[in-house]
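J.: Below: sequence and its predicted model.
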Amino acid sequence: MLISDLAAPIVILSVLLYGIYKKVDLFEVFVQGAYENLKIAVNILPALLLLMTAVGMLSASGALEAFSQLISPLLDKIGFPSQVAPLALMRPVSGSGSLAVLDNILSVYGADSFTGRVASVLMGSTETTFYTIAVYYSAVRLKAEFPVFISSLTADFAGFVFSALIVRLFY
């Protein structure tokens with residue numbers, strides 16, 4: 001058995017023992033925390049429903065594939081595999097949608113191909129930007145300002161570009 005297998009149980013046990021040591025009503029604190037998290041979940045539900053609907057419409061309409069084909073000549077010129085374009089477009093919007101796109105890329109091109117490696121590195125080095133912004137800003141009841149989107153999408157773009165570059169350099 002590895003120490004990493006015991007990490008979560010040790011942390012949980014430590015928190016419980018610390019609570020007992022400080023004479024905290026652990027059940028009451030747990031219930032209060034669960035209640036607050038349930039309120040947060042209810043508050044972010046509209047943003048999540050909107051995002052899931054938009055992802056479904058984007059995928060079903062064929063707009064993702066059409067836009068990917070439109071930008072593929074540019075991507076080929078800069079050395080980014082155009083087969084990964086649908087993943088790069090889906091990744092900022094949906095984690096589960098991008099997993100489905102990644103699965104398709106890996107099943108068609110293979111995990112050890114240049115395309116498969118770029119897709120894998122891209123998946124690990126970028127974030128579901130719009131989902132994260134929607135959840136965090138809905139939870140604190142603030143409106144996300146335009147610079148938040150620009151900086152986040154710039155970081156995603158850097159992840160896209162460098163995923164191809166890193167794979168080209170190291171594989």
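T.: Okay, I see it. Residues are numbered from 1 along each chain as shown.
J.: check contacts around residue 4.
T.: When the contact criterion is C-beta atoms under 8 Å, 6 or more residues apart in numbering, residue 4 has no partners at all. Yep, even glycine has a C-beta here, placed from its N, CA and C like the rest.
J.: Just give me the residue right at the centre of this structure.
T.: The residue lying closest to the centre of the chain (C-alpha atoms, centre = their mean) is residue 128, at 3.2 Å.
J.: which non-adjacent residue is nearest it?
T.: Nearest non-adjacent residue to residue 128, counting by C-beta to C-beta, 6 or more residues apart in numbering: residue 95, 4.5 Å away.
J.: circling back: could I get the contacting residues of the residue nearest to the centre of the chain?
T.: Neighbour list for residue 128: 91, 92, 93, 94, 95, 98 [criterion: C-beta under 8 Å, 6+ apart].
J.: Got the phi and psi for it?
T.: Residue 128 has phi and psi values of phi -80, psi 80 when expressed as degrees, to the nearest 10.
J.: residue ranges of the helices in this protein, please?
T.: Taking DSSP state H, the helices of the chain run over residues 3-21, 26-61, 63-78, 85-90, 95-109, 114-125, 129-139, 146-170.
J.: okay, which residue of the protein is out on the far edge from center?
T.: Ranked by distance from the centre of the chain (C-alpha atoms, centre = their mean), the top residue is residue 23, with 39.2 Å.
J.: what's the spacing between it and residue 8?
T.: 25 Å (C-beta to C-beta, to the nearest Å).
J.: again with residue 50
T.: For residue 50, the distance to residue 8 (C-beta to C-beta) stands at 33 Å.
J.: Also residue 33?
T.: Note on residue 33: its distance to residue 8, by C-beta to C-beta, is 17 Å.
J.: how many neighbours does residue 141 have?
T.: Neighbourhood size, residue 141 [other C-beta atoms under 10 Å]: 9.
J.: nope, residue 117 is what I meant
T.: Residue 117 has 23 neighbours, counted by other C-beta under 10 Å.
J.: before we move on, back to that, and residue 50 and residue 8? which has more neighbours close in?
T.: Legend: neighbour count by other C-beta under 10 Å for residue 50 and residue 8, higher for residue 50 (12 against 9).
J.: quick one: the closest residue to the more buried one other than its chain neighbours from residue 119, how far?
T.: With sequence-adjacent residues excluded and distances taken as C-beta to C-beta, 6+ apart, residue 50 is closest to residue 134, at 7.7 Å. Per C-beta to C-beta, residue 134 is found 24 Å from residue 119.
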